Structure formats: C-alpha cells, structure tokens
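> for reference, the sequence and a predicted model appear below.
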Amino acid sequence: MAAATPGKLSRRERQIMDILYRRGQATAGEVQTALDDPPTYSTVRTLLRVLKDKGHVQQKADGPRYVYSPTVSPRKAKRRALENLIATFFEGSADKAMVTLLDMGATRLSAADREQLKAMILRASKGERP
C-alpha cells in the first residue's frame, strides 16, 4: 500500500510515529507503554487507526492483535521532515539551513568531520549522490 501524501500530524501522532520508527513495529499496547503520560488504550488504538487512514502506518494481524509499522522508510521520512523544516523555517533554501547547521556545529566539528563535509559538497556539486 502506498503512503498518502503526509499531512500535518498532531503531537501525539508524531510521538507514535517516533516510537514506530525506533522500534520498527509495535502493538497498540507497546505504543501505549512507550508514550510519556500515555492516554488510554482505546485512544492509542484510535490514533493508530487515524494514522492508518492517513497512510502513515500499516497493520497486520498477529493472532488476536494488530502490529503496526510505518509505511514509509526511515530514510524517506527523514527527507520529508527535513524538506518540511526547510520550507517552514528557511524559506525553502537548503543553503540557509546548511549555514545554520554549520554555525551550530562549528565548535563541535572535528577536522575529519569538516573534511567529510567538504568531500560530500564536492560530490554533490558534481551531481553525485552521497
């Protein structure tokens, strides 16, 4: 099943998706246990159904219970989240986002990290994928 175009997720929906990405898959009970200040089991099931309806999760039967997993790979989800972040906070400009990231990490980047970034930028400028 193809994932629907991602829409905005509520705070709880994002928390559930974070759990599913960390674990790979989980039952409603496992999700409930992993949540901070968890809602009722019924609420977790409803939220999982909403995420399924939105195309973010899929379910499969495992005996009397359902196991939920993300429909989009972690790599794709990270890319979509980053694209949304860049569009929202950096006027759609990847270079503005990079400047901010470099500024944040300037004091924490080792010489090896800086060399790796230079090599990645060079490959990207040649149209190569990392």
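Structure's in. What do you need? Residues are numbered from 1 along each chain as shown.

> what is the least confident helix or strand in the chain by mean pLDDT packed up against?
Least confident helix or strand of the chain, by mean pLDDT, DSSP states H and E, is helix 94-105 with a mean of 84. On a contact count with 3 or more C-beta pairs under 8 Å, 6 or more residues apart in numbering; DSSP states H and E, helix 94-105 meets helix 74-89. In short, each C-beta sits where N, CA and C put it, glycine included.

> can you get me a residue count around the closest residue in space to residue 92 that isn't next to it in sequence?
Nearest residue to residue 92 in three dimensions, chain neighbours excluded: residue 86, at 6.2 Å (C-beta to C-beta, 6 or more residues apart in numbering). Residues contacting residue 86 under the criterion other C-beta atoms under 10 Å number 17.

> tell me where the model's unsure across this structure.
Residue ranges of the chain with pLDDT under 70: 1-7, 105-107, 130.

> where exactly do the strands run in the chain?
26-27, 57-62, 65-70 (DSSP state E).

> let me have those in JSON lines, extended by mean neighbour count and distance to residue 91.
Converted to JSON lines, the strands of the chain look like this (neighbours: other C-beta atoms under 10 Å; distance: least, C-beta to C-beta, whole Å):
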{"stretch": "strand 26-27", "mean neighbour count": "18", "distance to residue 91": "37"}
{"stretch": "strand 57-62", "mean neighbour count": "14", "distance to residue 91": "32"}
{"stretch": "strand 65-70", "mean neighbour count": "17", "distance to residue 91": "29"}
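
> out of the ones you listed, which is closest to residue 98?
strand 65-70 (27.1 Å; C-beta to C-beta).

> neighbouring contacts of the closest one?
If you take C-beta atoms under 8 Å, 6 or more residues apart in numbering as the criterion, strand 65-70 is touched by 17, 20-21, 24-29, 31, 48, 51-52, 56-61, 77.
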